[in-house]
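Peer 1: After the sequence you'll find the predicted model.
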Amino acid sequence: MSAKGKFEDMVLPSVLGLRPYKPGKPIEELKREKGLCRIVKMASNENPLGPSPKAAEALREVAARVNIYPDGYGFELKTALAKKYGVSVDEIALG
């Protein structure tokens, strides 16, 4: 394959065949479209119960720090992975 070839020639056919995620319709749109007053949506990774109490608590705990960027080099994660797999931190690439 030539470095100057067409994009389609440089990408696997299976990748070219991928289609973008099509999100589910918002509840308000479904209400209008179907003429309904109450909808319990069970698709699109949504649920009528809301997040678990543990997830809600975890969100509250980190909410005050969402304005701070995480370590872009992933030092702590790389260190933990290196220890777990018995490799050097320099052998781990995050992406």
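Peer 2: Structure received.
Peer 1: Please tell me I have it right and Ile27 contacts Ile39.
Peer 2: Yes. Applying Cβ atoms under 8 Å as the test, Ile27 and Ile39 come out as touching, 5.3 Å apart. C-beta here means a position set from N, CA and C on the backbone, and glycine is covered the same way.
Peer 1: any idea how far Asn45 is from Tyr21?
Peer 2: Going from Tyr21 to Asn45 by Cβ to Cβ, to the nearest Å gives 11 Å.
Peer 1: next one: Ile68
Peer 2: To Asn45, Ile68 is 27 Å away according to Cβ to Cβ.
Peer 1: Next: Ala64.
Peer 2: In terms of Cβ to Cβ, Ala64 sits 26 Å off from Asn45.
Peer 1: Repeat that for Ala82.
Peer 2: Distance, Ala82 to Asn45, by Cβ to Cβ: 33 Å.
Peer 1: what about these two, which has more around it?
Peer 2: Ala82 (15 against 7; other Cβ atoms under 10 Å).
Peer 1: Helix, strand, or coil at the more buried one?
Peer 2: helix (DSSP: H, G, I helix; E, B strand; the rest coil).
Peer 1: which residue sits closest to it in space, ignoring its chain neighbours?
Peer 2: Closest residue to Ala82 in three dimensions, ignoring its sequence neighbours and counting by Cβ to Cβ, 6 or more residues apart in numbering: Val89, at 4.6 Å.
Peer 1: Do I have it right that that neighbour meets Ala80?
Peer 2: No. Look at Val89 against Ala80 with Cβ under 8 Å: they stay out of range, at 9.9 Å.
Peer 1: mean confidence for stretch 81-89?
Peer 2: Averaged over stretch 81-89, pLDDT sits at 96.
Peer 1: And stretch 63-77, by the same measure?
Peer 2: For stretch 63-77, the mean per-residue pLDDT is 91.
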